[in-house]
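Trainee: Predicted structure and sequence below. I'll ask about it afterward.
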Amino acid sequence: MSSLQSSSLIRSSSKRSINPAIHLPKARTPASFSIPKPPLTTNLKVAEELKIGDGLITEKSSVKAADSATTAKLYAILEAVADRVEMHVNIGEQRNNWNTLLLNSINMITLAAATMAGVSASVGVGEPLLAFKVSSTLLFSAATGMLLVMNKIQPSQLAEEQRNAARLFRQLQAQIETVLAVRTPTQADVESVMEKVLALDKAYPLPLLGVMIEKFPETFQPAVWWPGNDSHQGRRELEKECNENNGWSEKMEVEMREVVKVLKRKDAEDYMRLGNLGLKMNKVLAISGPFLTGMAAAASALAGPSSQSPWAATLAVAAGSLASIVNTLEHGGQVGMVLEMYRNCAGFFQNMEESIESTLGETELQKRENGELFEMKVALQLGRSLSQLRDLAGEADSTNEFASKLF
């Protein structure tokens, strides 16, 4: 039975044979189509647009290169300004030391010579008398020569010049850094900064020989450290408001003109008066010191025993003492420094006057610095609030108040 079942299974499996062939579908013939050719005018337009695009890219790259070159120039000037600050600070300290050392040395020499001249009157005739006479005469002569040099160069005034120069160069350095921080500098910025640097170099020279500022001019003149009126016009490139009048109004212009009147009538005139007074005083002291030491040198050479020439020793001692007092008053009191301070303050007010007048002289409002910003700067320079500045302008003709509250 089982054999029958197995044979039937073998026969059925032999009948169901599997065909391993795989039948793929026939590929269809692709349909033919044609690509339309663009007209010639379209090709020309595309080519022109590509050329225009290349031109714009080239122009933008050239502008960027020019901006980079201008920025590099301004950075180079900034480095030079920082170096000048350091130089003026160092030289200012050196010249202040000159004033202290020369003052102490000359006073010690003068007092020592006066002491020797007094002692020579109490000794008898002989070698001790000759020694005291020669020593006192030499010391008085040395003090006279040193005083002539010291009074000519005025070390205290030289030190104040360098302090002012360092302050103004720091101010210029801050202005350059502001320009580089808030916007892209222009060639006009580079030229303006160069002019300011050269004007400061001329106003506050470093060397003494040949270019030193005249310490005893015929008339007192304020310091001038700015290049001129042209630098104030058309070069204020700070951000402006986009209104029609650029922050200016007729009332504000009138107020600025009234402020200039007060500056001229009160502040500048007062410092010119003080400067002329200080100049006269400095001239008198500068002449008196060497004259007194020279007189003491001549008298000490004629000094002898009190019985023979009592007046010579007395004159030598008295003149030497007076010379020490005059020298201390002039250089210890730093009269030259005070004179330079007056000169700088008078120049500050003159600079403000010229700045306001040149700004108001610009007829095109958009070329001016923004009016509200300019008004705020003037108020800050004078140490006033905006309301105080406007009140001062309203009372310009009748007020006895000075425009500046700072100095």
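Mentor: Looks like it came in fine.
Trainee: first to last residue in stretch 400-407, what's the distance?
Mentor: End-to-end distance of stretch 400-407 (Cα to Cα, to the nearest Å): 15 Å.
Trainee: chain center to it: distance?
Mentor: Centroid separation for stretch 400-407 versus its chain: 24 Å, with Cα atoms, centre = their mean, to the nearest Å.
Trainee: ok, and for that stretch, which residues are buried?
Mentor: Phe402, Ala403, Ser404 (16 or more other Cβ atoms under 10 Å). The C-beta positions use only the backbone N, C-alpha and C, and glycine is treated the same way.
Trainee: Can you give the contact residues for it?
Mentor: With contact meaning Cβ atoms under 8 Å, 6 or more residues apart in numbering, stretch 400-407 is reached by 259, 262-263, 266-267, 270, 345, 349, 381-384, 392, 395.
Trainee: before we move on, what about stretch 381-393?
Mentor: 254-256, 258-259, 262, 352, 375-376, 378-379, 399, 401, 403-406.
Trainee: List buried members of those by neighbour count.
Mentor: Glu255, Met256, Glu258, Val259, Val262, Met352, Glu375, Val378, Ala379, Thr399, Ala403, Ser404.
Trainee: and the two most separated of the residues you listed?
Mentor: Glu375 and Thr399 (18.8 Å; Cβ to Cβ).
Trainee: still on that earlier bit, would you mind giving the buried ones among the contacts of stretch 381-393 as a markdown table with pLDDT, secondary structure and distance to Ser358 added?
Mentor: Formatted as a markdown table, those follow (pLDDT from 0 to 100; DSSP: H, G, I helix; E, B strand; the rest coil; distance: Cβ to Cβ, whole Å):
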| residue | pLDDT | secondary structure | distance to Ser358 |
| --- | --- | --- | --- |
| Glu255 | 93 | helix | 17 |
| Met256 | 94 | helix | 11 |
| Glu258 | 93 | helix | 17 |
| Val259 | 93 | helix | 14 |
| Val262 | 93 | helix | 18 |
| Met352 | 93 | helix | 11 |
| Glu375 | 91 | helix | 16 |
| Val378 | 92 | helix | 13 |
| Ala379 | 92 | helix | 18 |
| Thr399 | 82 | coil | 25 |
| Ala403 | 91 | coil | 18 |
| Ser404 | 90 | coil | 20 |
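Trainee: wait, which of these is closest to Ile287?
Mentor: Using Cβ to Cβ, the buried ones among the contacts of stretch 381-393 come closest to Ile287 at Ser404, 33.9 Å.
Trainee: Report the separation between the closest one and Thr115.
Mentor: 49 Å (Cβ to Cβ, to the nearest Å).
Trainee: Same question for Asp67.
Mentor: From Asp67 to Thr115 the distance is 72 Å (Cβ to Cβ).
Trainee: just to revisit the earlier point, looking at the contacts of stretch 400-407, which are in helices?
Mentor: Judged by DSSP state H, helices contain the following of these: Val259, Val262, Asp270, Cys345, Phe349, Gln381, Leu392.
Trainee: neighbours around the spatially closest residue to the fourth one that is not a sequence neighbour, how many?
Mentor: Closest residue to Cys345 apart from its sequence neighbours, by Cβ to Cβ, 6 or more residues apart in numbering: Tyr271 at 4.9 Å. Here the neighbour count serves as a burial measure; for Tyr271 (other Cβ atoms under 10 Å) it reads 24.
Trainee: which residues does Tyr271 contact?
Mentor: When contacts are counted by Cβ under 8 Å, 6+ apart, Tyr271 touches Pro222, Tyr342, Cys345, Ala346, Phe349.
Trainee: same deal with Ala303?
Mentor: With contact taken as Cβ under 8 Å, 6+ apart, Ala303 is in contact with Ala117, Ser120, Ala121, Phe132, Lys133, Ser136, Ser309, Ala312, Ala313, Ala316.
Trainee: Which one of those is nearest to Pro290?
Mentor: Ala316 (15.3 Å).
Trainee: The closest one reaches Leu292, doesn't it?
Mentor: No - in this structure, Ala316 is not within contact of Leu292 by Cβ atoms under 8 Å, at 10.4 Å.
Trainee: all helices for the stretch 251-400 of the chain, in order.
Mentor: For the stretch 251-400 of the chain, the helices defined by DSSP state H, counting those that start in this stretch occupy 269-302, 310-327, 335-361, 371-381, 386-394.
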